[in-house]
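Student: here is a sequence with its predicted model. Questions after.
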Amino acid sequence: MDDPRESGRKSGKTADMGDGKQFTIERVSLDEYTEQLASAFAAAGATPDQMRGLGEAELLRIPAGVNFFEATDRMRAFWVLLEGEVLADKVEPDGTRMRINTARTGDSFGEVIC
C-alpha cells in the first residue's frame, strides 16, 4: 500500500558523510506528521490539531551507525526522532567515548551552535 504522505513530498537528495555512508534528505510538510509531533510534545499537552500549520522541515533518513553530528559542527537544529534510536557520545581527550544520552522514538533534542 502506498504511503499517503508521499504525495506532498518534494524530491529528496542524498548526502555523503565522507566515509562512504549516505543518508537522504527530503523537504516535507509537517502537516503529514501531526500525530508523531503531538506525541513528542505530549508532556506539554500538545494535540495533533495544534501541530498543524507549522510549515515544512527536512526529513533525514539516516542508516544505523552513521555519525551525523559532531560537537564541533556549527549548526542550528532541532530534531524529533520519528523512528529508531540516536546515541549521543562524548569523546574524551584520551579518545574514549562516554555515552551521555540515548534518544528514542518520539524524543526531541537539538543544538544551537553559532
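Tutor: Sure, I can see it. Residues are numbered from 1 along each chain as shown.
Student: what stretches of the protein score poorly on pLDDT?
Tutor: 1-11, 15-19, 71, 75, 111-114 (pLDDT under 70).
Student: who's sitting farthest from the centroid in the protein?
Tutor: residue 94 (29.4 Å; Cα atoms, centre = their mean).
Student: tell me how far that residue lies from residue 73.
Tutor: Distance, residue 94 to residue 73, by Cβ to Cβ, to the nearest Å: 22 Å. (Each C-beta comes from the backbone N, C-alpha and C, glycine too.)
Student: still on that earlier bit, what's the helix or strand for the residue farthest from the centre of the chain?
Tutor: Per DSSP states H and E, residue 94 falls between elements, in no helix or strand.
Student: got the contact list for it?
Tutor: Taking Cβ atoms under 8 Å, 6 or more residues apart in numbering, we find residue 94 in contact with no residue.
Student: could you give the bridge partners of the residue positioned nearest the centre of the chain?
Tutor: Nearest to the geometric centre of the chain sits residue 79, at 4.1 Å (Cα atoms, centre = their mean). Per DSSP bridges, the residues bridged to residue 79 are residue 109.
Student: and residue 109, what does it touch?
Tutor: Going by Cβ under 8 Å, 6+ apart, residue 109 touches 78, 79, 81, 86, 88, 101, 103.
Student: and the buried ones among those, selectable in ChimeraX?
Tutor: Filtering these down to the buried ones (16 or more other Cβ atoms under 10 Å) takes a single ChimeraX command:
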select :79,81,86,103
